[in-house]
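>>> Next comes the sequence, and after it the predicted model I'd like to discuss.
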Amino acid sequence: MIEEHVQRYTAGEVNRATARSDLGLALRDAGHWQFADLDWLDTVLTLNSSLRCCWRQYERGIHPAILDEWPAQELLQGGWGEESVDWPRRWRAAGGEILDGRMIALKSDAVWCTISDFGYPFPPFAVSSHMRVRSIDRDVAMSIGLIDRDRRADIAHWPRPELHLDVDIPAKTLTKHCS
């Protein structure tokens, strides 16, 4: 039931208000009053649609020709507002290096899954986070020592994210991570 409403919202078939209203009504009709809270509904819709959107972008970006030209990525602040996570600290704790003051790693680096609360190598990495990624080209990656001229990044396909329903952060702290 929830999957259907997240899918419709992610596909752009309905706007956020309609998706939230329809999902709330469906949950109430099924006797699940505890899930009819508007903040929870917003959080579930935003988080899951962001995960699905970013997953699609991730999948499009793992083509060998794209990885050859853009083998690395950088973790960046993507929106306004205060972050609840100390990302440089989390980055280093996950094995990432800060290079030239930037959180950059090869797209194939395990740091991307390790910094994620969900275990995915793509944003959102935490429920209330505004962080995003930007691709880094081979010349820059070579200049900071991440890769050499002959090395190729190899990234596996990732299955579509499952629904994440165990969220309790108010929706106003979330941003849509992908457009």
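Received, thanks. Numbers count the residues shown, from 1 in each chain.

>>> any idea whether the residue nearest the centre of the chain is helix, strand or coil?
Centroid-nearest residue in the chain, with CA atoms, centre = their mean: residue 123, separated by 1.7 Å. Per DSSP: H, G, I helix; E, B strand; the rest coil, the secondary structure class of residue 123 is coil.

>>> Just give the number of residues close to residue 6.
Neighbourhood size, residue 6 [other CB atoms under 10 Å]: 23. Glycine gets a C-beta too; all of them are placed from N, C-alpha and C.

>>> Likewise for residue 130?
Residue 130 has 22 nearby residues by other CB under 10 Å.

>>> doesn't residue 83 make contact with it?
Yes. Counting by CB atoms under 8 Å, residue 130 touches residue 83, with 6.4 Å between them.

>>> In the chain, where is pLDDT below threshold?
Scanning the chain for pLDDT under 70 picks out the ranges 80-81, 168-179.

>>> can you give me the helices in it?
2-10, 16-29, 38-60, 64-69, 87-93, 111-114, 138-143 (DSSP state H).

>>> helices or strands next to the longest one in the packing?
For helix 38-60, the elements it packs on are helix 2-10, helix 16-29, judged by 3 or more CB pairs under 8 Å, 6 or more residues apart in numbering; DSSP states H and E.

>>> the domain parsing of the protein - what is it?
2-59, 63-143 (automatic domain parsing).

>>> got a list of what the spatially closest residue to residue 96 that is not a sequence neighbour touches?
Distances taken as CB to CB, 6 or more residues apart in numbering place residue 111 nearest to residue 96, at 4.1 Å, with adjacent residues excluded. Applying CB atoms under 8 Å, 6 or more residues apart in numbering, we find residue 111 in contact with 91, 94, 95, 96, 105.

>>> For stretch 14-29, which outside residues touch it?
Under CB under 8 Å, 6+ apart, the answer for stretch 14-29 is 1-2, 5-6, 8-9, 33, 35-36, 38, 41-42, 44-46.

>>> Would you confirm that the residue nearest to the centre of the chain contacts residue 55?
No. The pair residue 123 / residue 55 is not scored as a contact, 9.8 Å apart, by CB under 8 Å.
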